[in-house]
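**Q** What follows is a predicted protein model with its sequence.
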Amino acid sequence: MSAAEKLGPTDKDLVKGYQHIVVREGYMGGKPALKERRISVSQILDGLAGGMTVQEIWETYRVSEDSVVEILRYAAEVTGTKQCG
């Protein structure tokens, strides 16, 4: 485990416009992840795509409803499907 991973992300690593999603070189491979948990955004999306319910996501990964909502908003934004308004 690198020094960056030991320290974990801070507020300065938050993706602009998000409260729970961070990107930090050396933390979770530099991929978008949840600040409060060592879980990548893609893990949650894979679970949902694989048929897990939001309730199962909460129970399995111990993440907040707000985190799941942010992950879905983030996925919509990065895939270009978010309606700006």
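**A** In hand now; what should we look at? Residues are numbered from 1 along each chain as shown.
**Q** From Ser64, how far off is Glu36?
**A** Plainly put, Glu36 is 8 Å away from Ser64 if you go by C-beta to C-beta, to the nearest Å. (C-beta placed from N, C-alpha, C; glycine too.)
**Q** which residues are common contacts for those two?
**A** His20 (C-beta atoms under 8 Å, 6 or more residues apart in numbering).
**Q** Could you report the separation of Met28 from Tyr18?
**A** Distance, Met28 to Tyr18, using C-beta to C-beta: 15 Å.
**Q** and the helix or strand hosting Glu59, what does it pack onto?
**A** Following DSSP states H and E, one finds Glu59 within helix 54-61. The contact analysis (3 or more C-beta pairs under 8 Å, 6 or more residues apart in numbering; DSSP states H and E) places helix 54-61 against helix 41-49, helix 65-78.
**Q** now the angle from it to helix 41-49?
**A** Between helix 54-61 and helix 41-49, the angle comes out at 140 degrees (axes from the mean of the first three to the mean of the last three C-alpha atoms, to 10 degrees).
**Q** what residue ranges in this structure score low on pLDDT?
**A** 1-6, 81-85 (pLDDT under 70).
**Q** Give me the buried stretch members for the helix holding Glu59, please.
**A** With burial defined by 16 or more other C-beta atoms under 10 Å, the residues of helix 54-61 counted as buried are 57, 61.
**Q** and the angle from it to helix 65-78?
**A** Using the same axes, to 10 degrees, helix 54-61 lies at 110 degrees relative to helix 65-78.
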